[in-house]
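K.L.:
this one's structure only:
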């Protein structure tokens, strides 16, 4: 039996990072992620639903949306399954948070920076996302100099995090990623002696302390995550089978062109004799 909730499911993720009484978790994570860039002392949680500028515009719903004590906007998302345009989705969410800052009437276009952090519980097929961490900013193509600090998108591909033991984790950011990946497997919360925030995490993430209603919500999300995993594995299996079938057909055509009999090709490729004969027709 697991002792702690799994941060990768929606309800648990929002309980840890999106709640007023647990904001210490979000603050320490963000300070570790943006070490030497930001020193966040406090955050104020904003509405996670952003409506369009017009009634017919498409709205967006964030997992976690907050504003730091310095006025910076931060979006944090957990994505469990790849989408075809996932990288664009993060850009769209960031852009919506920027556009929503517009003021009717006289306005000088002064914008607060928007930081979007995307946890990804999968390995993306996007050519721009090759490492565990990818940071996107606006830069000049020629000079490679950053031209604006108003938009920052960070992608974190959890399966590519390559530290598999507590001893390998060198700072609080490493510790957070290690815990997010493995928390539901722990019997004791690691790093609690070094970082007090993880004592808080152990308290709020203890399955035995959840109410009946909270446990039902969590169990429903666990079921959804397992369904996503099962669907992903099935798609991967079907894809492999389809690829093997194509390879068999290509091999059969080559063997037929070399003059082998239908029976020999069928034996070599394990394709039905009837299928070999249809290929010749």
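P.N.:
Here it is on my side, so go on. Being a predicted model, the structure only gives us computed values, none of them experimental.
K.L.:
where does pLDDT dip in the stretch 151-281 of the chain?
P.N.:
228-229, 232-236, 239, 241 (pLDDT under 70).
K.L.:
how about the strands in this structure?
P.N.:
43-45, 49-50, 60-61, 64-68, 73-79, 114-120, 133-139, 146-157 (DSSP state E).
K.L.:
for residue 28, find the nearest of those strands.
P.N.:
strand 43-45 (11.1 Å; Cβ to Cβ). Heads up, the C-betas are built off the backbone N, CA and C, glycines and all.
K.L.:
sorry, back to before: ok, of the strands of the chain, where does mean pLDDT dip lowest?
P.N.:
Sorting the strands of the chain by mean pLDDT places strand 49-50 lowest, at a mean of 64.
K.L.:
which residues does the residue nearest in space to the middle of the chain contact?
P.N.:
The centroid of the chain falls nearest to residue 120 when counting by Cα atoms, centre = their mean (1.7 Å). Residues near residue 120 by Cβ atoms under 8 Å, 6 or more residues apart in numbering: 79, 82, 86, 129, 155-158.
K.L.:
got it, and residue 201?
P.N.:
Residue 201 neighbours (Cβ under 8 Å, 6+ apart): 16, 25, 179, 183, 189.
K.L.:
and what of residue 133?
P.N.:
Going by Cβ under 8 Å, 6+ apart, the list of residues near residue 133 reads 154-157.
K.L.:
with neighbour count and distance to residue 243 as extra columns, can I get those residues in CSV?
P.N.:
Converted to CSV, the contacts of residue 133 look like this (neighbours: other Cβ atoms under 10 Å; distance: Cβ to Cβ, whole Å):
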residue, neighbour count, distance to residue 243
154, 18, 33
155, 24, 28
156, 22, 30
157, 19, 24
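K.L.:
of those, just say which sits nearest to residue 5.
P.N.:
Nearest to residue 5 among the contacts of residue 133, with distances taken as Cβ to Cβ, is residue 156, at 19.2 Å.
K.L.:
pretty sure the closest one contacts residue 177?
P.N.:
Yes: counting by Cβ atoms under 8 Å, residue 156 does reach residue 177; the two are 7.0 Å apart.
K.L.:
now for the two: what residues contact both?
P.N.:
Between them, residue 156 and residue 177 share no contacting residue, judged by Cβ under 8 Å, 6+ apart.
K.L.:
all helices for this protein, in order.
P.N.:
10-17, 23-33, 86-99, 172-182, 197-204, 212-257, 262-269, 273-280 (DSSP state H).
K.L.:
closest one to residue 44 among those helices?
P.N.:
helix 23-33 (9.0 Å).
K.L.:
state the mean pLDDT of the closest one.
P.N.:
Here the average pLDDT along helix 23-33 is 97.
K.L.:
so that helix versus helix 197-204, what angle?
P.N.:
140 degrees (axes from the mean of the first three to the mean of the last three Cα atoms, to 10 degrees).
K.L.:
in helix 23-33, which residues are buried?
P.N.:
Across helix 23-33, burial judged by 16 or more other Cβ atoms under 10 Å covers 23, 25-33.
K.L.:
tell me the helices and strands packed up against that helix.
P.N.:
helix 10-17, strand 43-45, strand 64-68, strand 114-120, helix 172-182, helix 197-204 (3 or more Cβ pairs under 8 Å, 6 or more residues apart in numbering; DSSP states H and E).
K.L.:
give me whichever of the ones you listed is most buried.
P.N.:
strand 114-120 (a mean of 23; mean count of other Cβ atoms under 10 Å).
K.L.:
angle of it against helix 23-33?
P.N.:
90 degrees.
K.L.:
give me the sheet partners of strand 114-120 and which way each runs.
P.N.:
Take DSSP bridges as the rule and strand 114-120 pairs in its sheet with strand 73-79 (parallel), strand 146-157 (parallel).
K.L.:
can I get those strands in a markdown table including distance to residue 266?
P.N.:
As requested, the strands paired with strand 114-120 are arranged in a markdown table below (distance: least, Cβ to Cβ, whole Å):
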| stretch | distance to residue 266 |
| --- | --- |
| strand 73-79 | 45 |
| strand 146-157 | 43 |
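K.L.:
so which of those strands comes closest to residue 258?
P.N.:
Once these are compared by Cβ to Cβ, strand 146-157 is nearest, at 44.9 Å.
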